[in-house]
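Asks: take a look and give me a structure for this.
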Amino acid sequence: MCRVSKWFWGLLPVLLIAFFAINHKTKQIEADLSVRSAEILKTNGVIWANVAINGRDAIVRGTAPSEDARQKVMAIVDSVRGVRKVHSEAQILAVQSPYTLSIVKDETSATISGYAPNDAVKLAVVDAVKSGLPGINVLDKQALAGGAPVDSVWVLGTRFAAQQLAKLTTGTASFVNTKISIEGVAAQSAGVAAVLEATKTSLPQGISLDKLAIVPPTIKPYNFDAMLDEKGVTLSGFYPSEDVRVALLEKAKAISPNGMVIDQLQLGAGAPSQFLAMASVALEQLKGLTSGGFGLVDSKLSFTGLAKSGDVIAAIKTALSSFGVDVSGLKLLEAPKVEVAAPAVIAPALTPAKQKCQAHLNDLLAKNTIQFNTGSAVLRADSVPFVNQIAGVVAGCDLDMLTITGHTDNMGAPAMNLALSEARAMAVVHYLVSRGIEAKRLKAIGKGEEVPVATNFTVEGRQRNRRIEFTVK
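Replies: Numbering: from 1, shown residues only. Prediction:
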């Protein structure tokens, strides 16, 4: 008779060895299937799912952006050789409708709120905002939700939005599905037009514009200038709206002697309450001048120029007084009467050599300016090399006469400016003589503030008006 107790103890080691062998083999299989499942998901660009292996069964976990995405992942995992069955424990993202996203920017930071379909798009949106707003701290508050537009459209739309926000001091770009709205305050006057142009020409395919509300920057102080000369009327400074700009241009064209208007205006908020009325009345007065202009800074108006008659000066003062302008400070002079002169003797045309000399001098003066100490006729030390360069050109010119003409801005009394301009022209003559140029071939003339080439209401304009000119004869 067989005794079980004897053969059982002999069989037990065999059973234990078999158990451990099978368990070890199972762990190897599970590890292999886990690695290959992860690799195939990565190859297919799936980042939301992860796979757990139990024996030869695969369990898909994670949050799928849609049911289709969940089924697609299960099919991908099922294709892994060795997987017996695929189970799903994956959740489905709640569908968000409408699908929204917003970027709110201030001077130092930007906050992203709204939805993204998956972590990859979420990161791509953050990168797009950082790329469009370099140097700005970006805070991400996106949540995951289903129902998003095509991933590439969503990311490209976000990049476009960030690029437009870069032109604003503060602003918001928001999406409702594939429609974008942009609002805020432009950092510069040109920013309003730049964003408008971008929405017309550079919107990503699949994105459409819903609303655009960009406010120009607030200008302080608010300035508007008008200058009348033989070229027409030049307008510069700021205007508060397009309808005001059109009205100003029409008024300027009406009083321009030749109908020409040079528009150098920029859009800017912050105009005084009676801006258009004051500017229109001031423009109307320009028709009584032979040359001159005005500057409007907030509600303060300054006027300068040559009037056609004393009666015109009185009429201008009366018109401006109605707006509370202090007319005692207006720099208006009566233009000298033009007398009929004898027929002028036509000067002979310059020879080719003289024309070449004049052109050379003009080129030099277009690139540099002879500078003097403030309020004096003393050459500045940093201008001496430039005058030496001019002397070298003049020394090589075959000319009969070189007229040096001095000009000033309108700061100060006209008589003083006239004397200063002549003194500066004479200082240049003396220096050229010291460099070997014959005195008999040089002539100094002062024109004072009579012949401006730019407005005297801006620093830049006054700098251009303070100049020395050379005329070859």
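Asks: can you pull the contacts of residue 222?
Replies: Residue 222 makes contact with 238, 268, 270-272, 275, 297-298 under the criterion CB atoms under 8 Å, 6 or more residues apart in numbering. C-beta coordinates here come from the backbone N, C-alpha and C atoms, glycine included.
Asks: scratch that, residue 98
Replies: Listed by CB under 8 Å, 6+ apart, the contact partners of residue 98 are 176-177.
Asks: hmm, back to that, turn the contacts of residue 222 into JSON lines, including neighbour count.
Replies: Putting the contacts of residue 222 into JSON lines (neighbours: other CB atoms under 10 Å) gives the following:
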{"residue": "238", "neighbour count": "24"}
{"residue": "268", "neighbour count": "22"}
{"residue": "270", "neighbour count": "15"}
{"residue": "271", "neighbour count": "22"}
{"residue": "272", "neighbour count": "18"}
{"residue": "275", "neighbour count": "20"}
{"residue": "297", "neighbour count": "15"}
{"residue": "298", "neighbour count": "15"}
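Asks: just those residues: which are in strands?
Replies: 238, 297 (DSSP state E).
Asks: now the contacts of residue 222 as a markdown table including pLDDT?
Replies: Shown next, in a markdown table, are the contacts of residue 222 (pLDDT from 0 to 100):
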| residue | pLDDT |
| --- | --- |
| 238 | 92 |
| 268 | 92 |
| 270 | 93 |
| 271 | 93 |
| 272 | 91 |
| 275 | 92 |
| 297 | 87 |
| 298 | 87 |
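Asks: for residue 432, state which of the contacts of residue 222 is nearest.
Replies: When those are compared for distance to residue 432 (CB to CB), residue 297 wins out at 40.4 Å.
Asks: go through stretch 300-313 and flag the buried ones.
Replies: By neighbour count on 16 or more other CB atoms under 10 Å, the buried set for stretch 300-313 is 301-307, 312-313.
Asks: ok, now stretch 376-383?
Replies: Those would be 377, 379, 383, for stretch 376-383 by 16+ other CB under 10 Å.
Asks: just give me the neighbour total for the closest residue to residue 159 other than its chain neighbours.
Replies: Take residue 159 and drop its neighbours on the chain: the residue closest to it by CB to CB, 6 or more residues apart in numbering is residue 128, 3.8 Å away. A total of 23 residues lie near residue 128 under the criterion other CB atoms under 10 Å.
Asks: residue 128 is in contact with residue 165, isn't it?
Replies: No. At 11.5 Å, residue 128 does not count as touching residue 165 under the criterion of CB atoms under 8 Å.
Asks: who's in contact with the residue nearest to residue 159?
Replies: Neighbouring residues of residue 128 by CB under 8 Å, 6+ apart: 155-156, 158-159, 162.
Asks: at 7 Å instead, please
Replies: Applying CB atoms under 7 Å, 6 or more residues apart in numbering, we find residue 128 in contact with 155, 158-159, 162.
Asks: and for residue 472?
Replies: 350, 354, 357-358, 397, 399, 402.
Asks: ok, now with 10 Å
Replies: Contacts for residue 472 (CB atoms under 10 Å, 6 or more residues apart in numbering) come out as 350-351, 353-362, 394, 397-403.
Asks: report pLDDT for it.
Replies: On pLDDT, residue 472 comes in at 90.
Asks: can you offset everything so residue one is 56?
Replies: All set: I'll call the first residue 56, so the last point we hit is now residue 527.
Asks: secondary structure class for the closest residue to it other than its chain neighbours?
Replies: Spatial nearest neighbour of residue 527, excluding adjacent residues (CB to CB, 6+ apart): residue 413 at 4.3 Å. Counting by DSSP: H, G, I helix; E, B strand; the rest coil, the backbone at residue 413 sits in helix.
Asks: wait, residue 413 touches residue 458, no?
Replies: No. Between residue 413 and residue 458 there is no contact under CB atoms under 10 Å: 11.1 Å.
Asks: when these two are compared, which one has more neighbours?
Replies: Using other CB under 10 Å, the more surrounded residue of residue 413 and residue 458 is residue 413, with 18 against 15.
Asks: next, residue 281: secondary structure please.
Replies: Following three-state DSSP, residue 281 is assigned to strand.
Asks: distance of residue 452 relative to residue 493?
Replies: Between residue 452 and residue 493 the computed distance is 12 Å (CB to CB, to the nearest Å).
Asks: who touches both of residue 413 and residue 458?
Replies: With CB under 10 Å, 6+ apart, residue 413 and residue 458 have common neighbours 525-528.
Asks: include secondary structure and distance to residue 189 when you put these into TSV, please.
Replies: Below are those laid out as TSV (DSSP: H, G, I helix; E, B strand; the rest coil; distance: CB to CB, whole Å):
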residue	secondary structure	distance to residue 189
525	strand	48
526	strand	52
527	strand	53
528	coil	57
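Asks: drop anything exposed from the residues you listed.
Replies: Buried members of those, counted by 16+ other CB under 10 Å: 525, 527.
Asks: re earlier: neighbour count for residue 452 and residue 493, which is higher?
Replies: Remark: of residue 452 and residue 493, residue 452 carries more neighbours, 17 against 11, as counted by other CB under 10 Å.
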